[in-house]
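1. Give me a 3D structure for the following:
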Amino acid sequence: MDTAFILLSAFVLSFVALLVFIWSQSQGLFDRRASGAEIIFAPGEIGHIEEPAVSRQQQGQLQSAMEAGVRSGTQADAQSLLDRAQADASTAPLVLFLFCCAVVWLLVASAAGLTASVKLHEPDWLVQQAWLTFGRIRTLHLNAVAYGWAPMAGLGIAMFVIPRLLKRPLMGARYAMLGAVLWNAALITGLGSVAVGISDGMEWLEIPWQIDLLFAAGGALMAMPLIYTLVNRRVEHLYVSVWYMACALFWLPVLFIVAKIPGLHQGVQQAAVNWWFGHNVLGLFYTPLALASVYYFLPKVIGRPIQSYNLSLLGFWGLAFFYGQVGGHHLIGGPVPQWMVTLSIVQSMMMIIPVLAFTVNQYQTLQGNLRALRYSPTLRFIGVGGLMYTVSSIQGSFEALRSMNAVTHFTHYTVGHAHLGLYGFVSFVFFGAMYFVLPRITAREWPYPRLISVHFWLAFIGIGIYFVSLTVGGWLQGSAMLDAKQSFMSSVAITLPYLRGRSVGGGLMVLSHLVFAWHFMSLVLQRGPQRQGAAVLSVQWQKGGVQ
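-> Numbering: from 1, shown residues only. As a prediction, this is how the structure comes out:
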């Protein structure tokens, strides 16, 4: 099939899909009113900030920074706040368990990742044990992030947010608890198998398929309460965060089951499906969960709805329309049909549309209120995470172009890009959301607020050093590999200073995780100063009212 025909067809298909979406908006098939963005607030709540991660004094500063908001003189409806508190209480044990698992896997992944990073410039370090070799320790790092930290944190946030948006307590939480236990048992078994050298051999899909049956069962059980709650919701309109989270829970099992059916894919088809899964698990699972978190927590913190509800829907449908075949650009130069690669490049470039829709919406919502970033740790993490989504997505779109891919393919440049997306965007947003959620489900405030700033700056500086080092080093590496006058070993040697920079950045990130984990344990175990203020709703209800 002619490549030009495929290129034209992809553009036509994307253009027609957007026209259909615009037509559906004009016909009222989706809620185009600004009230659609206000559904996350209780009546009379707009104009009032909500930031559980700070003290009462900082809440006052944040409210002042918002210039008193819109309709700030009104009082929030007491019954609506009570319903929200009951929804939070229904999710508390489950969300806390998921977050505890997430923190444990974050530490495991951090230790494995830093070890792998150091081995790239100190290859003789820790070589006595087979499971500590680079090939295995790097795989342990990837799987601990992909199946441990990110899904446990993301699903925990979804379990908290969806009952709030559907205005009813979570139904069937015990099924999700059992599912989480099965999921973590599968991950422990899977990491053990990889450590001893038993693997399916495909990146992101290394864990043997027999163990993946446990993942499938655990994931299905965790999805059941969200489905039950969605079916029995008390609202007519579904806020955009529900769209993102619900579709993420639908897309993941489709991706995972299709990619892991034993014997279904062979040879070149296996490589194509491998990157179809590897890219889509980021774009159609982690990314929707993170974007849903931004669309919920950002307006909640600042006390005003997102600026354009239509842009939020455009971003959702753009992601759904364009992301499905993006992973094919990893196979440029491989033994795959060129039309498939070209289609992937086209869809990668078209992803600029939903990314810009999100970026413009976030900027307009925060416009004139950027001072709030000084006082809200949730907003600081989520705001920077949203910015990293824009940067990493635009970078990924251009990286898919053949001219740029010729330099960056098979280099450390791609590793830097991947970490900017999964860490700079997804993990930062999850950190911010967790700082908001935990005081709500534990009825206790963070004991050491300054540690939140320490965590942020260590992680921010760390990922900055990490990304810049690998971006510069990877580009020089790719340029050297394209130079016929240079040996392959010279392209390796040129990266060594930048790989050491990567380890420095990674070390700061690991240190930030240790700070976060210690602060998390202090909160959960009730260690440190007993801070009680206006941040925790459940405490206020125990005292007989809402302040």
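
2. When you work out contacts or count neighbours from here on, use the C-alpha atoms and nothing else.
-> Will do.

3. Pull the contacting residues for L170.
-> 87, 90-91, 159, 163, 225-226, 229 (Cα atoms under 8 Å, 6 or more residues apart in numbering).

4. Next, the contact list for the spatially most central residue of the chain, please.
-> By Cα atoms, centre = their mean, the chain has its centre lying nearest to V426, at 2.8 Å. V426 makes contact with 150, 286-287, 290, 385, 389 under the criterion Cα under 8 Å, 6+ apart.

5. 6 Å instead, please
-> Under the criterion of Cα atoms under 6 Å, 6 or more residues apart in numbering, the neighbours of V426 are A290.

6. cool, and S117?
-> Listed by Cα under 6 Å, 6+ apart, the contact set of S117 reads S503.

7. What does the pLDDT read for it?
-> Looking at S117, its pLDDT is 97.

8. I'd like to know how far it sits from R380.
-> Using Cα to Cα, to the nearest Å, S117 is found at 28 Å from R380.

9. And M340, by the same measure?
-> Distance from M340 to R380, by Cα to Cα: 40 Å.

10. same question, A271
-> From A271 across to R380, the span is 39 Å (Cα to Cα).

11. The residue nearest to W251 when sequence neighbours are not counted: neighbouring residues, count only.
-> Spatial nearest neighbour of W251, excluding adjacent residues (Cα to Cα, 6 or more residues apart in numbering): L284 at 6.4 Å. Using other Cα atoms under 10 Å, L284 has 24 other residues around it.

12. for A186, same thing?
-> 23.

13. ditto for P43
-> The burial count for P43: 16, using other Cα under 10 Å.

14. Look at it and give its secondary structure.
-> coil (DSSP: H, G, I helix; E, B strand; the rest coil).

15. That one and Q75 touch, don't they?
-> No: counting by Cα atoms under 6 Å, P43 stays clear of Q75, with 8.2 Å between them.

16. Show the buried residues in the contacts of L170.
-> Burial by neighbour count, judged by 16 or more other Cα atoms under 10 Å, picks out 87, 90-91, 159, 163, 225-226, 229 from those.

17. Relative to P123, which of these is nearest.
-> M159 (42.5 Å; Cα to Cα).

18. pLDDT value on that closest one, please?
-> For M159, the predicted pLDDT is 97.

19. Next up, the contacts around it.
-> Counting by Cα under 6 Å, 6+ apart, M159 has no contacts.

20. Mind doing that once more with 10 Å?
-> If a contact means Cα atoms under 10 Å, 6 or more residues apart in numbering, then M159 has 88, 90-92, 94-95, 98, 153, 170, 173, 176, 222-223, 225-226, 245 as its contacts.

21. tell me the secondary structure for it?
-> M159 ends up helix, using three-state DSSP.

22. again with R168
-> Looking at R168 with three-state DSSP, the answer is coil.

23. Relative to S90, how far out is it?
-> 9 Å.

24. What's the per-residue pLDDT of the residue nearest to W251 here?
-> On pLDDT, L284 comes in at 93.

25. before we move on, what about the one 4 residues further on?
-> At P288, the pLDDT value in this model is 97.

26. Which residue, other than its chain neighbours, is closest to it?
-> Closest to P288 by Cα to Cα, 6+ apart is Y244, at 4.9 Å.

27. for the contacts of L170, which one is nearest L249?
-> Nearest to L249 out of the contacts of L170 is L226 (Cα to Cα; 9.2 Å).

28. And the pLDDT at the closest one?
-> 90.

29. so where is the stretch 401-547 of the chain shaky, pLDDT-wise?
-> Counting by pLDDT under 70, the stretch 401-547 of the chain contains low-confidence ranges at 530-547.

30. Where do the helices of the stretch 401-547 of the chain begin and end?
-> Per DSSP state H, counting those that start in this stretch, the stretch 401-547 of the chain carries helices over the ranges 402-408, 412-419, 428-442, 449-482, 488-493, 496-524, 537-542.

31. Return the most buried member of the ones you listed.
-> helix 428-442 (a mean of 25; mean count of other Cα atoms under 10 Å).

32. Compute the inter-axis angle for that one and helix 496-524.
-> With axes from the mean of the first three to the mean of the last three Cα atoms, to 10 degrees defining the directions, helix 428-442 sits at 10 degrees from helix 496-524.

33. now helix 428-442: how far from the chain's centre is it?
-> Helix 428-442 has its C-alpha centroid displaced from the chain centroid by 14 Å (Cα atoms, centre = their mean, to the nearest Å).

34. Which strands or helices does that helix pack on?
-> For helix 428-442, the elements it packs on are helix 78-121, helix 150-166, helix 287-302, helix 377-399, helix 449-482, helix 496-524, helix 537-542, judged by 3 or more Cα pairs under 10 Å, 6 or more residues apart in numbering; DSSP states H and E.

35. Minimum distance to S55: which of the ones you listed has it?
-> From these, taking Cα to Cα, the stretch that ends up closest is helix 449-482, at 7.9 Å.

36. And that closest one, how far out from the chain middle?
-> When distances are taken as Cα atoms, centre = their mean, helix 449-482 is centred 18 Å away from the chain's centroid.

37. do the same with stretch 87-96
-> On Cα atoms, centre = their mean, the centre of stretch 87-96 falls 21 Å from the chain's centre.

38. Please apply the same query to stretch 170-183.
-> Stretch 170-183 sits 21 Å away from the centroid of its parent chain (Cα atoms, centre = their mean).
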